[in-house]
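Q: this one's sequence-less:
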């Protein structure tokens, strides 16, 4: 599976991006930073990052995103999230513009905790690229310049202001039409399978009986990855020899065993946390998978 690059690792790879030595919780709630794309490498590693990023790209190159790629041949704005891996491959010497990177805690400070992954611009299966015209480029550039100046200011509420600038960029982009010219990679089945497997693993472990499993079916995963369920299943079956549903069921069963063995949650709580509306449905599922009832499985560990 692909490595997830942390903010610390990113700053080690690109130390100029944090020349001022901003702390990981520099915004009080979460982290924020902004810097110019003059620091942009010719090629960046294909991986996830554990932070969100908004990039105003002035320069040409190829963006590899999930199992797709797109040629960036004119100014564009890119929204990337911690779930989907990506990389940048520059094809022109000129690389200008700005990046800002931030954590979800920064954006959600003092606000409703809806989560950036549910917003139209950061949704897992969404289209992350918007090509912009000269007027849009100037408007967005002006906001990024204000961000850079504000980062160096002593204003007490500067991170509130930076948060507002970020929201302004997001709203400006929401008025635009996303780019529609992504191409599939030749090894798309392996990439989409890798994305599915990593997204599946990210649902676990279950930490609380009050938090139900968010993604439960093959269709849920297909929607999150913005692919048709049949395409996802064909890709997964080709790579792993198992259906998407089988892999989901196996992982839920593994988690069920762990919860039965290592928590004192009752069967109904375990059932709910794993996405089963009624304990009877969970009992039926678990027995089909293991040949045991949940109660039997728990008693065997006592």
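A: Great, that's in hand. Here the structure is a predicted model, which is why all the values come from computation and not from measurement.
Q: drop to CA atoms for contacts and neighbour counts, all remaining ones
A: OK.
Q: what's around the closest residue to residue 147 other than its chain neighbours, how many residues?
A: Take residue 147 and drop its neighbours on the chain: the residue closest to it by CA to CA, 6 or more residues apart in numbering is residue 162, 6.1 Å away. Neighbourhood size, residue 162 [other CA atoms under 10 Å]: 24.
Q: What distance do you get for residue 200 to residue 241?
A: Separation of residue 200 from residue 241 (CA to CA, to the nearest Å): 17 Å.
Q: Can you tell me which helix or strand of the protein has the lowest average pLDDT?
A: Counting by mean pLDDT, DSSP states H and E, the chain has its least confident helix or strand at strand 183-184, which shows a mean of 65.
Q: can I see the domain layout of this structure?
A: With domains defined by the TED database, the chain comprises 4-184, 188-300.
Q: just how off-centre is the longest one within its chain?
A: Centroid separation between domain 4-184 and its chain, computed with CA atoms, centre = their mean, to the nearest Å, is 13 Å.
Q: Now do the same contact list for the residue sitting nearest the centre point of the chain.
A: Centroid-nearest residue in the chain, with CA atoms, centre = their mean: residue 83, separated by 2.3 Å. Residues near residue 83 by CA atoms under 8 Å, 6 or more residues apart in numbering: 48, 49, 50, 124, 199.
Q: Narrow the residues you listed to those in strands?
A: Residues from those lying in strands, with DSSP state E as the criterion: 48, 49.
Q: In JSON lines: the contacts of residue 83, plus distance to residue 155.
A: As requested, those are exported to JSON lines (distance: CA to CA, whole Å):
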{"residue": "48", "distance to residue 155": "33"}
{"residue": "49", "distance to residue 155": "29"}
{"residue": "50", "distance to residue 155": "28"}
{"residue": "124", "distance to residue 155": "35"}
{"residue": "199", "distance to residue 155": "40"}
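Q: just to revisit the earlier point, in terms of mean pLDDT, which of the domains of the chain ranks lowest?
A: With a mean of 87, domain 4-184 has the lowest mean pLDDT of the domains of the chain.
Q: For residue 210, what are phi and psi?
A: phi -80, psi -10 (degrees, to the nearest 10).
Q: so it touches residue 273, yeah?
A: Yes: at 6.5 Å, residue 210 and residue 273 qualify as touching, with contact defined as CA atoms under 8 Å.
Q: burial count for residue 133?
A: Neighbours of residue 133 (other CA under 10 Å): 11.
Q: Assign a three-state SS to the residue nearest to the centre of the chain, would you?
A: Classification of residue 83 by DSSP: H, G, I helix; E, B strand; the rest coil places it in coil.
Q: change the start of the numbering to 80 and stick with it
A: Taking 80 as the first residue, the last one we looked at is residue 162.
Q: Against residue 93, how distant is it?
A: Separation of residue 162 from residue 93 (CA to CA): 21 Å.
Q: Next up, the contacts around the closest residue to residue 283 other than its chain neighbours.
A: Of all residues not flanking residue 283 in the chain, residue 334 sits nearest, at 7.6 Å (CA to CA, 6+ apart). By CA under 8 Å, 6+ apart, the contact list for residue 334 reads 283, 284, 285.
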